[in-house]
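Colleague: Any chance you can model this:
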Amino acid sequence: MATDDRRYALGPDEGLGGARKFFAQPLRMLATGAETTLEYTLFEQRLERGYAPPLHVHHIEDEAFYLVDGAIEVACGDVRWQLAPGGFAFLPHSVPHAFRVVSDTARLLQLTAPSGFEDFAADVADVPLDEATSAAVTDAAHRAGYEILGPPPFDT
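Modeller: Predicted coordinates for the structure are as follows:
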């Protein structure tokens, strides 16, 4: 009997592909399409206060956040949530969404299904989120099947 043995384990500071960044923030890739037969991508983000990706929509992937530490505000369509440690949010595809870190730091697990987010993350790894890079981010998002809709929908 042939088996497809894809088992692996990672230590607390290990990630697939080594040290990575996402919009210049630390990212630890835990599972990609290569490990999950394209089913999902799972990664950990460590973020600073004020980090907020633009309002965007995934046309293919569903996305979910599990907040390990810190506090974030999530906007999904016309709904807003405040997440504390242990909080979870499911963001279905085709619904505009964004989030913002409201504590000094935050650590979250992000799951996208099906996989593919890892390709977008690689494209914007060292790109800061600012006006000077908006065209590059928009182009990378389009290639990944995402659409950037505007700035994060939070009061500053």
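Colleague: Who does the residue positioned nearest the centre of the chain form a beta bridge with?
Modeller: The residue lying closest to the centre of the chain (CA atoms, centre = their mean) is Gln110, at 5.4 Å. Going by DSSP bridges, Gln110 is paired in beta bridges with Phe43, Phe65.
Colleague: per-residue confidence at it?
Modeller: For Gln110, the pLDDT comes out at 97.
Colleague: who touches Asp62 in this structure?
Modeller: Phe90, Leu91, Pro92, His93, Thr112, Ala113 (CB atoms under 8 Å, 6 or more residues apart in numbering). (Glycine included, C-beta is placed from N, CA and C.)
Colleague: check which helix or strand covers Arg46.
Modeller: strand 41-48 (DSSP states H and E).
Colleague: neighbouring contacts of that strand?
Modeller: Contacts for strand 41-48 (CB under 8 Å, 6+ apart): 15, 22, 25-33, 68, 70, 101, 104-113, 115-118, 121.
Colleague: Please tell me how far that strand is from the chain's geometric centre.
Modeller: 6 Å (CA atoms, centre = their mean, to the nearest Å).
Colleague: ditto for stretch 20-31
Modeller: For stretch 20-31, the distance to the chain centre is 9 Å (CA atoms, centre = their mean).
Colleague: Check which element follows the longest helix that the chain contains along the chain.
Modeller: Longest helix of the chain, by residue count under DSSP state H: helix 134-144. Using DSSP H and E, the helix or strand that follows helix 134-144 in sequence is strand 146-150.
Colleague: what packs against that following strand?
Modeller: strand 55-58, helix 134-144 (3 or more CB pairs under 8 Å, 6 or more residues apart in numbering; DSSP states H and E).
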